[in-house]
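K.L.:
Here is my input, please return the structure:
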Amino acid sequence: MSKVSPCLWFDGEAEEAANFYVSLLPNSRIEKVQKNVVDCPAGKAGSVLVVYFTLAGQSYIALNGGMKMEYSHAASFSIDCADQAEVDRLWDALLADGGKAEQCGWLRDRFGVPWQIVPTAVHDTIAGPDPAGAGRAMQAMLGMIKLDVEGLRRAYQGV
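P.N.:
Down below sits the predicted model:
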């Protein structure tokens, strides 16, 4: 387990969410499922309290906290995607079963957790060495919901 691990708060969905997340990325797995030993606000004795899991090599904790809590974009998860195919796969998976698409590569999955699905090309375009190209790419990105690698490259190149 990492010295610092993000803890995600759920209302009875911690195990479902952790299993879903580890199915998305390589080097991901459930490490341990801890059950409630007594009845408490988080659930009945024997129900899942905490799931320790690794997502793409990073340790996480999923906690059934006993009530619904809202997530904020102030703390979100960004996935660096090698290409458009990876963007599309993760975008579709995270939106499945009730997720909501947002602006500029952001979405909320069915649990309400905010994600940024970002192709590596973003770094080559909006932070590229050509300031005019970077500005065009930024303007293009601001008009996108799911990020489009080719659209960002065309904008950067001015075509």
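K.L.:
Grab the most central residue of the protein for me.
P.N.:
Per Cα atoms, centre = their mean, the C-alpha nearest to the average position across the chain is that of W115, at 3.3 Å.
K.L.:
That one contacts C81, doesn't it?
P.N.:
No: with contacts counted by Cβ atoms under 8 Å, W115 stays clear of C81, the gap being 11.2 Å. No exception for glycine: its C-beta is placed from N, CA and C like everyone else's.
K.L.:
next structured bit after the worst-scoring helix or strand of the chain on mean pLDDT?
P.N.:
Ranking every helix and strand in the chain by mean pLDDT, DSSP states H and E puts helix 121-125 at the bottom, with a mean of 93. Downstream of helix 121-125, the first helix or strand assigned by DSSP states H and E is helix 131-142.
K.L.:
same question for the helix or strand following that next one, mean pLDDT?
P.N.:
For helix 131-142, the following helix or strand on the C-terminal side (DSSP H and E) is helix 149-157. Across helix 149-157, the average pLDDT comes to 97.
K.L.:
likewise stretch 94-105?
P.N.:
97.
K.L.:
Just the buried positions in that stretch, please.
P.N.:
By neighbour count on 16 or more other Cβ atoms under 10 Å, the buried set for stretch 94-105 is L94, L95, G99, G105.
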